[in-house]
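[1] Everything below, folded, please.
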Amino acid sequence: MGIHILAGKPAPVELLIDVDALERAYYERLPDLTDPSRLVSFGTSGHRGTPLDGTFTESHILAITQAICDYRRSQGIDGPLFMGKDSHAVSGPAERNALEVLAANGIETVIQRDDGLTPTPAISRALIVHNRGRNDNQADGIVATPSHNPPSDGGFKYNPPGGGPADTDVTGWIQDRANVLLRHGNKEVKRWPFESALKATTTRKGDFMLPYVKDLPAVIDMDAIRSAGLKIGIDPLGGAAVHYWAPIQEQYGLNFTVVNPRVDPTFRFMTLDYDGKIRMDCSSPYAMAGLAKLKDQFDIAFGNDCDADRHGIVTPSRGLMNPNHYLAVAIRYLLTHRPRWATTSAVGKTLVSSSLIDRVVDSLGRKLWEVPVGFKWFAPGLLNGACCFGGEESAGASFLCQDSTTWTTDKDGLILGLLAAEITARTGKDPGEHYQELGQQFGTPYYIRIDAPAAPEQKRKLAKLSPVAVASTTLAGDPIAVKLTRAPGNDAPIGGLKVVTKNGWFAARPSGTENIYKLYAESLKSESHLHLIVTEAQQIITQALAGIA
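    I've put the predicted structure just below:
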């Protein structure tokens, strides 16, 4: 896709959503059940869609929540359910509908008091703390969020007792059950009026924020950040982390400036993303243009997406860092500054993340664990300590506490931002400067991710590609060493294709939430070599898809 003429510019009024109209569509529109794209579909992070085309409606949320209730009963999960929401316009309605069903099913539910917003990592942390050492009365969680997606979108994800994103066996069960309920007109859904649900003895208003804030020294050296007196800039991009930074500042005496404290479901304060849409993607230089232009005002700055499970790191030396570059820096720093971590604990990366990470991990004599896209793959390892760090190229990561116990098993954008401050404080160099050192040591990788249009049928074919469908034997002048449709770390299906040579690679996979496919490519030689990889990769994909019935 080309770069839109307004990318990085303030959002014009005509692109802002009509919040009232969006909410009406959420409540009034019924999904067309003859269209498979209008059914419940769990991607890598729950069900997402928009009321405007009937893919995210009250009917969907009622069915999904009842399916979660049924799943809990089938698994003997009998503890409380922790529920949060972000600042998207239909996240509030989705949370209210979910509470109506949870109360009617007699499930103890904890929501943030004062109708507050809750980041995904705060829910994950609460689950980890509650369930530690328990074999019964275990808690699970729901977060109403479409993450970084546009303002018209809604999202709804389920975290089982392990604290992280649900695996495919869980999401498949919930998805299938929800679609049965939908097809039966939701007649089997138990539901109370919202006011009754809110007053139910099973509904409890709690606080996820203060416990999370007070636990931060377990995972981040907050004393080092305070002692260094760093000037820190933060842009929550109008998301759920917006109210977390004041108590963090007060608790630890840090020098924070929240450059954008506004919360507005139209997200009118955003700069447009690469395609001219409003999207709260903290890894995008276009969506993060507002904070990036302030880079010289701070020693370190960072932003988060709407549910704060992603991070964007802005340094004086390099501006907004490529997520892969920061992951490599974070991994090297943590492996050399967390002496209580077991040397046998692996570093997890998705197979579309930079091979620079492979080189850093290998240089430190540690084990690399390469898995498909989706943070769910890291959750078990982060829970039992087999994995000390898990990171995705899309700027999502989490890692163990300083004593090697579990922090979260879901992505945590807040601690990745605070880690950038710790790195700067303890080394006297910002993460951008550390990346320059890595480039000198291992060479400069040239990396790109491209989103290209793809019809549902093309996405289906791409997800089912087999290595034999790729006829090419070379890529950008080098012999192809391996063609992967399963991840080397756990032999799980990629849901796409990865082609590797000694000097570069590409991977392609369909988006789980949009009609696009994602093409990732990296060269270990040059920018021109990267462009050649991309050109040939697109030809390879087109030819391979043409040969699939």
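[2] By mean pLDDT, which helix or strand of the chain comes out lowest?
    strand 42-43 (a mean of 80; mean pLDDT, DSSP states H and E).
[3] Give the other helices and strands that that one contacts.
    helix 168-183 (3 or more C-beta pairs under 8 Å, 6 or more residues apart in numbering; DSSP states H and E). From N, CA and C alone the C-beta is placed, and that goes for glycine too.
[4] and the helix it packs on, what does it pack onto?
    Right, helix 168-183 is packed against strand 42-43, helix 58-75, strand 154-159 by 3+ C-beta pairs under 8 Å, 6+ apart.
[5] Mean neighbour count and distance to D412 for those - can I get that in a markdown table?
    Shown next, in a markdown table, are the helices and strands packed on helix 168-183 (neighbours: other C-beta atoms under 10 Å; distance: least, C-beta to C-beta, whole Å):
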| stretch | mean neighbour count | distance to D412 |
| --- | --- | --- |
| strand 42-43 | 20 | 20 |
| helix 58-75 | 23 | 23 |
| strand 154-159 | 27 | 13 |
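[6] quick one, which of the ones you listed is nearest to D358?
    strand 42-43 (26.6 Å; C-beta to C-beta).
[7] If N159 is in a bridge, with which residues?
    The partner list for N159 in beta bridges (DSSP bridges) reads G141.
[8] Please report the distance of it from I142.
    7 Å (C-beta to C-beta, to the nearest Å).
[9] cool, G172 as well?
    17 Å.
[10] The two: which has the busier surroundings?
    I142 (27 against 12; other C-beta atoms under 10 Å).
[11] I'd assumed Y158 was in contact with that one.
    Yes - at 5.7 Å, I142 counts as touching Y158 under the criterion of C-beta atoms under 8 Å.
[12] coming back round to it: which one of the helices and strands packed on helix 168-183 has the poorest average confidence?
    Among the helices and strands packed on helix 168-183, strand 42-43 has the lowest mean pLDDT, at a mean of 80.
[13] Find the residue ranges of the stretch 351-500 of the chain scoring beneath the pLDDT cut-off.
    Applying pLDDT under 70 to the stretch 351-500 of the chain picks out no residues at all.
[14] starting at the chain centroid, how far to the helix or strand hosting W505?
    Taking DSSP states H and E as the criterion, W505 maps to strand 504-510. Remark: strand 504-510 is offset 19 Å from the chain centroid, using C-alpha atoms, centre = their mean, to the nearest Å.
[15] Tell me which residues touch Q402, please.
    Contact partners of Q402, counting by C-beta atoms under 8 Å, 6 or more residues apart in numbering, are A218, V219, D221, R338, R340.
[16] Strands of the stretch 101-250 of the chain, residue ranges please.
    Secondary structure of the stretch 101-250 of the chain (DSSP state E, counting those that start in this stretch): strands located at 109-112, 140-144, 154-159, 203-206, 231-235.
[17] I'd like to know which elements the fourth one is packed against.
    Same thing as strand 203-206. helix 91-104, strand 109-112.
[18] if you set the cut-off to 10 Å instead, what comes out?
    Applying 3 or more C-beta pairs under 10 Å, 6 or more residues apart in numbering; DSSP states H and E, we find strand 203-206 packed against strand 81-85, helix 91-104, strand 109-112, helix 194-199.
[19] Quick check: the gap between G417 and I357.
    Taken as C-beta to C-beta, the span from G417 to I357 is 19 Å.
[20] Quick check: E393 touching V352?
    Yes - with contact defined as C-beta atoms under 10 Å, E393 and V352 form a contacting pair (5.2 Å).
[21] Quickly list what's touching both of the two.
    N324, V373, Y447, R449, A507, K518, Y520, E522 (C-beta atoms under 10 Å, 6 or more residues apart in numbering).
[22] Buried ones only from those, please, as a ChimeraX command.
    Of the shared contacts of E393 and V352, the buried ones go into a single ChimeraX selection, burial set by 16 or more other C-beta atoms under 10 Å:
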select :324,373,447,449,507,518,520,522
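[23] any idea which of the shared contacts of E393 and V352 is the one closest to K205?
    V373 (35.9 Å).
[24] and G391, which of the three is it?
    strand (DSSP: H, G, I helix; E, B strand; the rest coil).
[25] Over to A521?
    State at A521, reduced to three classes by three-state DSSP: strand.
[26] Pairing partners for the spatially closest residue to it that is not a sequence neighbour in the sheet, please.
    Counting by C-beta to C-beta, 6 or more residues apart in numbering, A521 lies nearest to F506, which is 4.1 Å off, once chain neighbours are set aside. Note on F506: beta-bridge partners by DSSP bridges are V499, A521.
[27] before we move on, back to that, mind listing the shared neighbours of I142 and Y158?
    Joint contacts of I142 and Y158 (C-beta under 10 Å, 6+ apart) are G46, I64, T65, I68, L81.
[28] so the third one touches A197, yeah?
    No - with contact taken as C-beta under 10 Å, T65 and A197 are classed as non-touching, separated by 11.2 Å.
[29] Now do the shared contacts for the two.
    With C-beta under 10 Å, 6+ apart, T65 and A197 have common neighbours N97, A98, L99, E100, V101, L102, A104, R191.
[30] Need the per-residue pLDDT for the third one.
    If I follow you right, that is L99. Predicted confidence (pLDDT) for L99: 98.
[31] neighbours of the closest residue to it other than its chain neighbours, just the number please.
    The shortest distance from L99 to any non-neighbouring residue, by C-beta to C-beta, 6+ apart, is to A197 (4.8 Å). By other C-beta under 10 Å, 21 other residues sit near A197.
[32] Now do the contacts for A197.
    R96, N97, A98, L99, E100, V101, L102, A103, A104, T109, R191, T203.
[33] Surely the fifth one and R191 touch.
    Yes - with contacts defined as C-beta under 10 Å, E100 counts as touching R191 at a distance of 4.9 Å.
[34] Filter the contacts of Q402 down to the buried ones, PyMOL style.
    Here is the PyMOL command that selects only those of those that count as buried (16+ other C-beta under 10 Å):
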select buried, resi 219+221+338
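[35] need the contacts of Q402 in JSON lines with distance to P51 and pLDDT, can you?
    As requested, those are exported to JSON lines (distance: C-beta to C-beta, whole Å; pLDDT from 0 to 100):
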{"residue": "A218", "distance to P51": "40", "pLDDT": "98"}
{"residue": "V219", "distance to P51": "37", "pLDDT": "98"}
{"residue": "D221", "distance to P51": "44", "pLDDT": "98"}
{"residue": "R338", "distance to P51": "45", "pLDDT": "98"}
{"residue": "R340", "distance to P51": "48", "pLDDT": "98"}
